[in-house]
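A.B. asks: give the three-dimensional model of this entry:
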Amino acid sequence: QLQLVESGGGLVQPGGSLRLSCAASGFTLDYYAVGWFRQAPGKEREGVSCISNIDGRTYYLYSVKGRFTISRDNAKNTVYLQMNSLKPEDTAVYYCAATVARGSWCSVNAHDYDYWGQGTQVTVSS
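C.D. replies: As a prediction, the model looks like this:
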């Protein structure tokens, strides 16, 4: 059974940091591009970041660039999202997703992804 499990969410004060993890089971992430998405209450799901499988090419949503870093550890079959300088507007449920890689490619379009985790809540509040 192919499964993605997110962890690492929680409550943090503005300016704080969290590291989200996306662990895969039932398949190896070596052959998959992975994306992170988020959805705040009353808003559409948006792509935050993604990473390719071959060369680790990354992409970031403009509003998180310089604050978030996506990385992957294929030995641990896990992708991470390090989030620094968090703001209240980063509050959302964060999801990771995976799709079979197509060379040096990744996407922040949710329609491009086949496998999704259940999400982890991130709340930034004082």
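
A.B. asks: what is the host helix or strand of Thr99 packed up against?
C.D. replies: Counting by DSSP states H and E, the element that carries Thr99 is strand 92-100. For strand 92-100, the elements it packs on are strand 3-7, strand 18-25, strand 32-39, strand 78-83, strand 115-116, strand 120-124, judged by 3 or more C-beta pairs under 8 Å, 6 or more residues apart in numbering; DSSP states H and E. The C-beta positions use only the backbone N, C-alpha and C, and glycine is treated the same way.

A.B. asks: which one of the ones you listed lies nearest to Ser63?
C.D. replies: Ser63 lies closest, by C-beta to C-beta, to one member of the helices and strands packed on strand 92-100: strand 32-39, at 10.7 Å.

A.B. asks: wait, Gly8 sits on Cys22?
C.D. replies: No. Assessed by C-beta atoms under 8 Å, Gly8 is found out of contact with Cys22, at 9.1 Å.

A.B. asks: contacting residues for the residue nearest to the spatial centre of the chain?
C.D. replies: Geometric centre of the chain, nearest residue: Trp36, 2.4 Å, by C-alpha atoms, centre = their mean. For Trp36, the contact set (C-beta atoms under 8 Å, 6 or more residues apart in numbering) comprises 20, 22, 47-50, 70, 79, 81, 94-97.

A.B. asks: what bridges to Val93?
C.D. replies: Per DSSP bridges, the residues bridged to Val93 are Gln39, Gln121.

A.B. asks: what's the pLDDT at the residue nearest to the centre of the chain?
C.D. replies: pLDDT recorded at Trp36 is 98.

A.B. asks: got it, and the one 3 residues further on?
C.D. replies: At Gln39, the predicted lDDT confidence score is 98.

A.B. asks: same check, this time on Gly56
C.D. replies: On the pLDDT scale, Gly56 gets 86.

A.B. asks: same thing with Arg102?
C.D. replies: pLDDT recorded at Arg102 is 75.

A.B. asks: ditto for Leu61
C.D. replies: Predicted confidence (pLDDT) for Leu61: 96.

A.B. asks: what is the neighbour count of it?
C.D. replies: Using other C-beta atoms under 10 Å, Leu61 has 16 neighbouring residues.

A.B. asks: surely it and Phe37 touch.
C.D. replies: No. With contact defined as C-beta under 8 Å, Leu61 does not count as touching Phe37 (9.7 Å).
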